[in-house]
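J.: predicted model, plus sequence, below.
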Amino acid sequence: MNEHAAHTYKQQQVNTASPAKMVFMLYEKTLSRLQEAKNAIARNDIQGRCNANCSAQELLAHLSNTLDMDQGGEIAANLERLYSHCMIRLMDVDRHNDPSAADEVITLISPLRDSWAALADKGEGELRQAIMTAQQGRTPPASQNAIPRASDETQTAPPKSSLSISA
């Protein structure tokens, strides 16, 4: 498959993704960029590390910006604190050329990615039920502990920022 066809295919995946799949893809891309940053540190590739780490920070900022603090309640507030902590730790990746800071963020983000992967595999009805359960304060199953509401922008179209899930 040539590069243009691969890009078109990936873009189509993003354009047709459900909100849960879109959030999963954002987490997946964040983790991929963090691994790229760690690999760049190992190669002593400062520019590569900086590019990958900055991309991971942009993706986390996007995830944070799509939290619905009104609807998400305590879950959204906890995710916002987690994202802030991760952003601070990612500054250490560049400031100290520190792969352990990237490892910490990978450890924190991986369970969220896994939860969203499970949600993305469920039907829309099950996803709505999980959100309703979380909003009503009942304890949902472990795979449904983190359910922020994606912004309307994420639900209807790919992000309009410079972020790229497919690239």
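T.: Arrived safely.
J.: can you get me a residue count around the residue nearest to residue 77 when sequence neighbours are not counted?
T.: Nearest non-adjacent residue to residue 77, counting by CB to CB, 6 or more residues apart in numbering: residue 69, 7.0 Å away. All C-beta spots, glycine's among them, are computed from the backbone N, C-alpha and C. Residue 69 has 12 neighbours, counted by other CB atoms under 10 Å.
J.: for residue 69, what are its contacts?
T.: Contacts of residue 69 were listed using CB atoms under 8 Å, 6 or more residues apart in numbering, and they are 76, 77, 80.
J.: which of those residues sits closest to residue 134?
T.: residue 76 (10.0 Å; CB to CB).
J.: shouldn't the closest one be in contact with residue 65?
T.: No - distance between residue 76 and residue 65: 11.6 Å, which falls outside the contact criterion (CB atoms under 8 Å).
J.: more neighbours: which of these two?
T.: The residue with more neighbours, out of residue 76 and residue 65, is residue 76; 21 against 14, by other CB under 10 Å.
J.: helix or strand: which one has that one?
T.: With elements taken from DSSP states H and E, the one containing residue 76 is helix 69-96.
J.: check the offset of that helix from the chain's centre.
T.: Taking the mean of its C-alpha atoms, helix 69-96 sits 11 Å from the chain's own mean (CA atoms, centre = their mean, to the nearest Å).
J.: average pLDDT for that helix, rounded please.
T.: Throughout helix 69-96, pLDDT has a mean value of 96.
J.: ok, and what's touching the next helix or strand after that helix?
T.: Downstream of helix 69-96, the next assigned helix or strand under DSSP H and E is helix 99-121. Around helix 99-121, the neighbours that count as contacts under CB under 8 Å, 6+ apart are 18, 20-21, 23-24, 27-28, 30-31, 34-35, 37-38, 41-42, 53, 56, 82, 85-86, 89-90, 92-93, 127, 130, 143-147.
J.: any of the residues you listed buried? List them.
T.: In terms of neighbour count (16 or more other CB atoms under 10 Å), the buried residues within these are 18, 20-21, 23-24, 27-28, 30-31, 34, 37-38, 41, 53, 56, 82, 86, 89-90, 92-93, 127, 130, 143-144, 146-147.
J.: which element is the residue positioned nearest the centre of the chain on?
T.: The structure's the chain has its C-alpha centroid closest to residue 27; by CA atoms, centre = their mean the separation is 2.6 Å. Under the assignment given by DSSP H and E, the secondary-structure element containing residue 27 is helix 19-43.
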